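Undergrad: 3D, please:
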Amino acid sequence: MFKSALAVFLFCLLFSVSSLSAQSSSSKKFVTSDNVAINGYDVVAYFNQHEATKGSPRFEARYKGTNYRFASAENKKQFLASPEKFLPQYGGWCAFAMGMKNAPVPSNPTTFKLHDGKLYLFFNDLYEGKKFNTIVPWNGDEKNIMKKADANWAAMPR
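TA: Purely as a prediction, here's the structure:
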């Protein structure tokens with residue numbers, strides 16, 4: 001329990017400054033400098049193949065001002081038929097940080113969870129030389145953190 005609380009504290013401390021700059025300089029979506037959502041990962045593949053799959057510029061579609069990449073023409077077609085079904089929660093930002101920090105923190109699109117037909121992405125990287133994956137504390141208190149994240153996201157300026 002203490003180790004988990006310490007990890008949460010360190011995570012929040014680590015991203016206090018960076019998340020403020022991300023919030024002021026970015027849109028409501030986690031995009032690359034060339035406006036590609038979630039580092040070019042195929043949002044449909046999470047649902048169909050249950051894995052993080054890089055999309056291709058060859059199969060790119062624009063939706064609400066953001067470019068989405070897909071691994072196949074079929075995935076692109078499915079997305080265009082029903083885009084809202086596939087969009088990641090909280091604009092693709094880290095779900096845990098949205099709940100615990102009320103801030104957009106970049107996610108690692110290879111760390112994801114499908115829950116009730118929705119896609120959640122998480123920060124997963126090194127911190128002080130150790131792997132820190134926010135899906136772990138999220139899973140430990142998912143219901144409460146998700147409730148906070150939903151409220152924080154709804155209140156975030158657009």
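Undergrad: switch to C-alpha atoms for all contacts and neighbour counts from now on
TA: Fine.
Undergrad: quick one: low-confidence ranges for this structure?
TA: 1-27, 127 (pLDDT under 70).
Undergrad: go with 50
TA: By pLDDT under 50, the low-scoring segments of the chain are 1-26.
Undergrad: For stretch 81-90, buried residues please.
TA: 86-90 (16 or more other C-alpha atoms under 10 Å).
Undergrad: repeat for stretch 135-154
TA: When burial is assessed from 16+ other C-alpha under 10 Å, stretch 135-154 yields the following buried residues: 135, 138, 145-146, 148-150, 152-153.
Undergrad: Out of the buried residues of stretch 81-90, which is nearest to Leu119?
TA: Pro88 (4.8 Å; C-alpha to C-alpha).
Undergrad: Give me the distance between the closest residue to that closest one other than its chain neighbours and Tyr63.
TA: Leaving aside its chain neighbours, Pro88 sits nearest to Leu119 (4.8 Å; criterion: C-alpha to C-alpha, 6 or more residues apart in numbering). In this structure, Leu119 and Tyr63 are 17 Å apart, going by C-alpha to C-alpha, to the nearest Å.
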